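Q: Okay, predicted coordinates and the sequence, questions at the end:
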Amino acid sequence: MVLQARPSPYSQYLKRPLDLVIAGVGIVVLSPLLVALAVLVRVKLGPGGVIYRQERVGRNGQTFEIYKFRTMLPDRRTGTKPYIGPERRKTHKSDDDPRHTPFGRFLRSSSLDELPQLLNVVKGDMSLIGPRPELVEVAAREGFLVHPRHLERPGITGRFQVSELRAKNRISAGLHLDVAYVASIGFRSDAMILLKTMVVLFGRGR
């Protein structure tokens, strides 16, 4: 697919201001929840940072630190050496990983661990809607460290995340969806992705 030569008026003038307003309001409104989750992370998961930072691929291939609530025990709490498995994206989600706890699994399954990414949006590293940022080493290994999907800011959620592909596939399986999104960014499509994300999140709680 050939990307459009000119950005839409929405992507050029409205998307970033809307990101700032919505993320800013979200941080204020959700501040009691954010504080409560931070306290619970420290109580339930022990010593260590409340916020987990991880390097991801951002706009124009520039890397940035993504923020998440920590969801795993530190290795010293488990009495084991760092968990090592055949592939990092599988091992940290494996039932055999001794660093997991019921609380950490809840944060992951509910996506509450990703709430600190509202700060990434305010900073300008991310957008509310866009291609989901991948780990640098994974993007390099799978061949999309340089890719049209990186022409826009990565998002907290995106077209791939609300598609049927997400359930059983990695981000690399949805690159065509990311390219299609970047080629046709509009207010209506962003609103639909945000609405579908809410449906998915609330559906998990049933």
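A: Received the coordinates, thanks.
Q: Just the residues contacting the longest helix anywhere in the chain, thanks.
A: If you go by DSSP state H, the chain has its longest helix at helix 187-204. With contact meaning Cβ atoms under 8 Å, 6 or more residues apart in numbering, helix 187-204 is reached by 10, 14-15, 109-111, 128-129, 157-159, 161-162, 181. For the C-beta atoms, the positions are set from N, CA and C on the backbone; glycine is no exception.
Q: What residues does the closest residue to G49 other than its chain neighbours make contact with?
A: Residue nearest to G49 in three dimensions, not counting chain neighbours: R70, with 6.2 Å by Cβ to Cβ, 6 or more residues apart in numbering. R70 makes contact with V41, L45, G48, G49, V50, I51, Y52, G104, D113 under the criterion Cβ under 8 Å, 6+ apart.
Q: Only whichever of those are buried, select them in PyMOL.
A: Buried residues among those (16 or more other Cβ atoms under 10 Å), as a PyMOL selection:
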select buried, resi 41+45+52+104+113
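Q: So which of the contacts of R70 sit within helices?
A: Those of those lying in helices (DSSP H): V41, L45, G104.
Q: and which of these is nearest to V57?
A: Among those, G104 lies closest to V57 (Cβ to Cβ), at 25.0 Å.
Q: Now the closest one: closest residue in space that isn't a chain neighbour?
A: Per Cβ to Cβ, 6+ apart, closest to G104 is T71, 3.8 Å.
Q: before we move on, what SS does that neighbour have?
A: Classification of T71 by DSSP: H, G, I helix; E, B strand; the rest coil places it in coil.
Q: What sits closest to the residue nearest the centre of the chain if chain neighbours are left out?
A: The C-alpha lying nearest the average C-alpha coordinate of the chain belongs to I156 (Cα atoms, centre = their mean; 4.6 Å). Leaving aside its sequence neighbours, I156 sits nearest to Q117 (Cβ to Cβ, 6+ apart; 5.0 Å).
Q: how close does that neighbour sit to S8?
A: To S8, Q117 is 24 Å away according to Cβ to Cβ, to the nearest Å.
Q: Comparing the two, which shows the higher neighbour count?
A: Q117 (23 against 14; other Cβ atoms under 10 Å).
Q: residues in contact with the residue nearest to G104?
A: T71 is in contact with V41, L45, Y52, G104, R105, L107, R108, D113, counting by Cβ under 8 Å, 6+ apart.
Q: Could you identify the most distant pair in these?
A: Y52 and R105 (15.0 Å).
Q: mind showing which ranges of the protein have poor pLDDT?
A: For the chain, the stretches with pLDDT under 70 are 1-6, 75-96, 167-168, 203-206.
Q: Now do the strands in the protein.
A: For the chain, the strands defined by DSSP state E cover 51-57, 63-69, 127-129, 155-157.
Q: Turn those into JSON lines, columns for distance to L145.
A: JSON lines is the format used below for the strands of the chain (distance: least, Cβ to Cβ, whole Å):
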{"stretch": "strand 51-57", "distance to L145": "7"}
{"stretch": "strand 63-69", "distance to L145": "10"}
{"stretch": "strand 127-129", "distance to L145": "20"}
{"stretch": "strand 155-157", "distance to L145": "18"}
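Q: buried sites along stretch 98-108?
A: R99, H100, T101, G104, L107, R108.
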